[in-house]
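S.K.: Okay, sequence plus prediction incoming.
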Amino acid sequence: MLPFRSALRAIVADETIAEWPHPEIADDGGLSAWGRPLSMLSESEKYRANVILALALAKVSDTRFIAMDGADVLSIGRRSELIGLLANAVDAGDILQAWVFLTLKAPPNLADFPAEAHWIDNGAERMAA
């Protein structure tokens, strides 16, 4: 558990996510954040904690890849924090790729982020501008 806990501590040290839940793993394997079981967090808090757990797992397992669905539970500001966190994880070499899925009304503008978006509409995929 020590490598996983070390990876968690390194991820939550990222200032991009200072206000995110900091997940912890107990000796019995129980997961909590902010002293509460993950089941007691809001949907957004659970999602953010799960992103951190996925990043830690990707790092210690050396898969260096994560895929997350349901990012639409995050507010616009939290989505920006998510992209910043993932960009930092790529820059640090912790991950090579992250696939994030969410439902939006229109294609996102990612001009300020080191990311690309694929838009699927009526079964057809295209690059988002």
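M.R.: Now that the structure is in, tell me what you want to look at. Note that the coordinates shown come from a computational prediction; the quantities given were computed from them, not determined experimentally.
S.K.: any idea what sits nearest the spatially most central residue of the chain, other than its immediate chain neighbours?
M.R.: Against the mean C-alpha coordinate of the chain, by Cα atoms, centre = their mean, the closest residue is residue 51 at 3.3 Å. Leaving out its chain neighbours, the residue that sits closest to residue 51 by Cβ to Cβ, 6 or more residues apart in numbering is residue 68, at 6.0 Å. No exception for glycine: its C-beta is placed from N, CA and C like everyone else's.
S.K.: Would you confirm that that neighbour contacts residue 95?
M.R.: No: using Cβ atoms under 8 Å, residue 68 is not in contact with residue 95, being 11.4 Å away.
S.K.: one step back: what's near enough to touch the residue nearest to the centre of the chain?
M.R.: Residue 51 is in contact with 66, 68, 82, 85, counting by Cβ atoms under 8 Å, 6 or more residues apart in numbering.
S.K.: SS state for it?
M.R.: helix (DSSP: H, G, I helix; E, B strand; the rest coil).
S.K.: if I look at it, how far off is residue 107?
M.R.: 22 Å (Cβ to Cβ, to the nearest Å).
S.K.: before we move on, the earlier item: tell me which other helices or strands the helix or strand that contains the residue nearest to residue 51 touches.
M.R.: For residue 68, the host element (DSSP states H and E) is strand 65-69. Of the remaining helices and strands, those touching strand 65-69 by 3 or more Cβ pairs under 8 Å, 6 or more residues apart in numbering; DSSP states H and E are helix 43-61, strand 97-101.
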